[in-house]
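>>> sequence first, then the predicted structure, then my questions.
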Amino acid sequence: MTYTVIIEKTANGYSAYLPDLPGCVAAADTREETEALIQQVVTGYLDMLRSNGEPVPESLTTSGTVVV
């Protein structure tokens, strides 16, 4: 599955979250570390849902840019 991930620069590094998967968050010093962590978080979360027989949420969020 493909989900939209939001990665933000913070005062201490980077943070990431997925709007379609509440609670799936990660933070680290670098963008690369944050991307690796959020991948692990999402994989673990989806594995847990599947092993508990729970539905896997659809990806409903999209992203884009605005030029002003």
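Looks like it came in fine.

>>> and stretch 18-34, end to end?
Counting by CA to CA, to the nearest Å, you get 13 Å between the two ends of stretch 18-34.

>>> any residues touching that stretch, and which ones?
For stretch 18-34, contacts defined as CB atoms under 8 Å, 6 or more residues apart in numbering pick out 3-7, 10, 12-17, 36-38, 40-42, 45, 57-61. Quick note: C-beta positions are derived from backbone N, CA and C, even for glycine.

>>> which stretches of the protein form strands?
6-9, 14-17, 25-28 (DSSP state E).

>>> ranking those by burial, who's on top?
Counting by mean count of other CB atoms under 10 Å, strand 14-17 has the highest mean neighbour count of the strands of the chain, with a mean of 19.

>>> that one - what's its average pLDDT?
Mean pLDDT, computed over strand 14-17, is 98.

>>> which helices and strands does that strand pack with?
Counting contacts by 3 or more CB pairs under 8 Å, 6 or more residues apart in numbering; DSSP states H and E, strand 14-17 packs against strand 6-9, strand 25-28, helix 31-51.

>>> per-residue confidence averaged over the first one?
Confidence over strand 6-9, taken as the mean pLDDT, stands at 98.

>>> ok, it: who's next to it in the sheet?
Its sheet considered, strand 6-9 pairs with strand 14-17 (antiparallel) by DSSP bridges.

>>> please list the residues outside the partner strand that contact it.
Applying CB under 8 Å, 6+ apart, the external contacts of strand 14-17 come out as 5-8, 24-31, 33-35, 37-38.

>>> the residue lying closest to Leu37 once chain neighbours are set aside pairs with what?
Using CB to CB, 6 or more residues apart in numbering and skipping residues adjacent in sequence, the residue nearest Leu37 is Ala26, 3.7 Å away. Taking DSSP bridges, one obtains Ala16 as the residues bridged to Ala26.

>>> this completes my enquiry, with thanks.
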